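> Have a look at this prediction, sequence included:
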Amino acid sequence: MARRRGRPMTPLVATVVRLKLSLLRNGLQRSAGRRAAYIASAAFVLLFSAVQLIALIALRGHAHAASLVVPLVAVLGLGWAVMPLFFPSGDETLDPTRLVMLPLRPRPLVRALLAASLVGIGPLFTAVLLAGSVIAVAHGAAAIAVGVAGAVLALLVCVALARAVAAANIRLLSSRKGRDLAVLSGLVVAIGAQAVNFGAQQLGSGGLGRLDAVADVLRWLPPASAIGAADSASDGSYGVAAAQLLVGAGALALLLGVWTRSLTRLMVSPDGSTLRAAEPAERERRGASGLARLLPGGRTGTVMERSLRYVWRDPKTKAAWATSLAIGLIVPVFNALQGTGSVYFACFAAGMLGIQMYNQFGQDTSAFWMVAMTISSPRDAYVELRARALALLVITLPYATLVTVLTTALLGAWEQLPEVLGLSLALLGAMLTTGVWTSARFPYSIPQEGYKNVAPGQTGLAWISVFGGMVSAALLCAPVIAVTIWLNVSADGDAWTWLLLPGGAAYGAALTLLGLRLAAPRTADRLPEILAAVSKA
């Protein structure tokens with residue numbers, strides 16, 4: 001061990017572990033709210049871990065226990081892989097660039113950071129889950145020994161996987177795109193919850209035997225292979241168990257190697273995160289002109305381009321759109337796959353996307369003053385609002401049509417496609433109508449930092465704008481809904497339901513034009529009030 005002034009240097013592993021504990025302790029001392037949130041989350045994780053442990057122990061002796069445990073560990077490993085991408089600020093030690101100025105070599109640093117990664121709620125939950133998995137599948141002394149070794153190996157693979165992914169993508173995670181990923185984490189959780197719910201329903205109807213084929217493949221993929229080794233040892237297949245442990249050990253060695261190379265590159269390479277800013281602006285101009293060529297000329301095309309760029313670049317706008325697109329597809333499609341859905345659930349897509357028309361000026365924040373300077377008459381306001389509505393329709397119309405066609409295809413109800421699509425278009429027109437009006441009447445500010453979508457003190461405005469507009473849109477759609485019901489209950493109404501497609505489209509277009517005509521004068525008259533409302537964040 002190296003010495004300095006006659007005293008041994010503190011081992012790096014112990015130092016980094018103490019650093020991790022100090023960061024955790026200092027973070028909890030910042031505020032009582034953060035401390036309460038951490039304690040509450042820790043208590044929830046511990047309770048959930050205990051429930052999972054009891055459930056896994058109850059599986060012991062079940063004929064298909066391994067068919068559930070092996071995929072469960074595989075999903076756990078997947079969670080560790082994507083965690084750094086969506087929660088880059090959850091662990092301060094995930095960013096190795098904070099240590100680049102210290103005289104540290106990559107290999108000792110890898111060992112120290114690996115040890116520090118084992119401290120926290122996540123590793124504890126993983127360890128409990130792996131312990132329960134071993135108890136569920138291991139039978140006999142040899143299998144238990146293999147299972148203990150496999151559980152330790154699986155835990156190290158999970159932690160190393162998270163670290164390797166974080167080190168390889170640290171430039172991304174510290175950039176604007178990384179913050180966008182963090183904003184989208186709630187969407188990933190929502191989609192994952194729907195997938196888990198669908199899988200649970202399938203297992204409930206068909207039993208654990210449905211997972212046999214999946215488990216046979218996953219038992220050779222780390223980290224699930226380490227737990228699959230315990231099941232193989234329980235069956236007396238010691239050679240297979242050894243091979244599965246070797247697969248896990250090889251994966252761990254590979255991940256450590258990738259992690260080490262990433263650390264080396266980070267510590268000896270210059271930070272290129274600002275190189276793009278030094279590039280000529282010609283590339284940006286070329287990209288803008290390429291998009292502009294597809295849009296109308298004049299103010300309409302300019303406003304449409306700006307709105308579409310908000311969808312692509314602004315984190316809050318991007319998250320709202322991604323959430324609406326995903327939920328608008330998940331609700332009708334998953335219900336159709338489960339056999340409990342209705343073709344009319346396809347209208348959910350139009351409703352979710354129509355919400356994006358609400359609070360159009362809030363996404364501009366204080367920069368709305370530049371828009372206000374270009375509006376001198378109700379005609380200018382009309383063109384501004386119309387262009388924003390057209391930008392929304394560029395995405396919404398094909399997407400709502402796609403969801404409607406997909407839902408009817410899954411349910412085999414092709415004869416209902418015209419009426420459902422017509423109803424969706426009418427609903428979309430009603431949402432646009434109420435959206436442009438509430439944007440002028442109830443604007444509110446959207447904070448650029450943090451997770452909140454409403455500035456303090458404006459929650460009431462947001463509720464009135466969104467929920468009041470949705471209720472109003474439903475009332476505006478009442479005539480089309482009434483006609484749809486009447487045609488479906490009439491004796492010979494089925495022969496005329498196809499008229500709902502052109503009728504619903506025409507009704508939605510008429511509502512949109514009426515909403516634009518009504519909202520334009522109000523927008524032109526309330527420009528100072530709108531600017532004050534959207535500039536509070």
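Right, received. Where do you want to start? Residues are numbered from 1 along each chain as shown.
> so residue 158 touches residue 78, yeah?
No. The pair residue 158 / residue 78 is not scored as a contact, 9.7 Å apart, by CB atoms under 8 Å. In short, each C-beta sits where N, CA and C put it, glycine included.
> Please list all residues in contact with the residue nearest to residue 456 when sequence neighbours are not counted.
Leaving aside its chain neighbours, residue 456 sits nearest to residue 536 (8.0 Å; criterion: CB to CB, 6 or more residues apart in numbering). Residue 536 is in contact with 444-445, 455-458, counting by CB atoms under 8 Å, 6 or more residues apart in numbering.
> Show me just the buried residues among those.
Buried positions within these, assessed by neighbour count (16 or more other CB atoms under 10 Å), are 444-445, 455, 458.
> which residue ranges form the helices in the stretch 151-300 of the chain?
170-173, 176-183, 185-206, 212-218, 224-234, 238-268, 282-292, 298-313 (DSSP state H, counting those that start in this stretch).
> Kindly report the same for the stretch 301-450 of the chain.
Using DSSP H, counting those that start in this stretch, helices in the stretch 301-450 of the chain cover 315-337, 347-354, 368-372, 378-411, 417-441.
> sorry, back to before: which pair in the contacts of residue 536 spans the largest distance?
By the measure CB to CB, 444 and 456 form the most distant pair in the contacts of residue 536, at 10.7 Å.
> Worst mean pLDDT among the helices of the stretch 151-300 of the chain?
Looking at these, the lowest mean pLDDT belongs to helix 282-292 (a mean of 49).
> So which of the helices of the stretch 301-450 of the chain is nearest residue 474?
Short answer: helix 417-441, nearest of the helices of the stretch 301-450 of the chain by CB to CB, at 7.5 Å.
> After the closest one, which helix or strand is next?
Using DSSP states H and E, the helix or strand that follows helix 417-441 in sequence is helix 459-463.
> Now that next one: average pLDDT?
What helix 459-463 shows for mean pLDDT is 75.
> After it, which helix or strand is next? Please name it.
helix 469-476.
> Give the next helix or strand downstream of that following helix.
Next element after helix 469-476 (DSSP H and E): helix 478-489.
> Now do that following helix and helix 347-354, the angle between them.
170 degrees (axes from the mean of the first three to the mean of the last three CA atoms, to 10 degrees).
> now for helix 478-489, which elements pack on it?
Where contact means 3 or more CB pairs under 8 Å, 6 or more residues apart in numbering; DSSP states H and E, helix 478-489 is packed against helix 417-441, helix 500-525.
> which of the residues in the longest one are buried?
What that stands for is helix 500-525. 500-501, 503-505, 507-508, 511-513, 515-516, 519-520, 522-524.
> buried residues in the helix or strand hosting residue 42?
Here residue 42 sits within helix 32-58, counting by DSSP H and E. For helix 32-58, the neighbour count (16+ other CB under 10 Å) marks 49, 52-53, 56 as buried.
> Now do the closest residue in space to residue 259 that isn't next to it in sequence: how many residues are near it, please.
Nearest residue to residue 259, sequence neighbours excluded (CB to CB, 6+ apart): residue 164, at 4.3 Å. Using other CB atoms under 10 Å, residue 164 has 23 other residues around it.
> ok so, going back, which stretch in the helices of the stretch 301-450 of the chain is the model least sure about?
helix 315-337 (a mean of 81).
> And that helix, what does it pack against?
Checking 3+ CB pairs under 8 Å, 6+ apart, helix 315-337 ends up next to helix 176-183, helix 185-206, helix 298-313, helix 347-354, helix 378-411.
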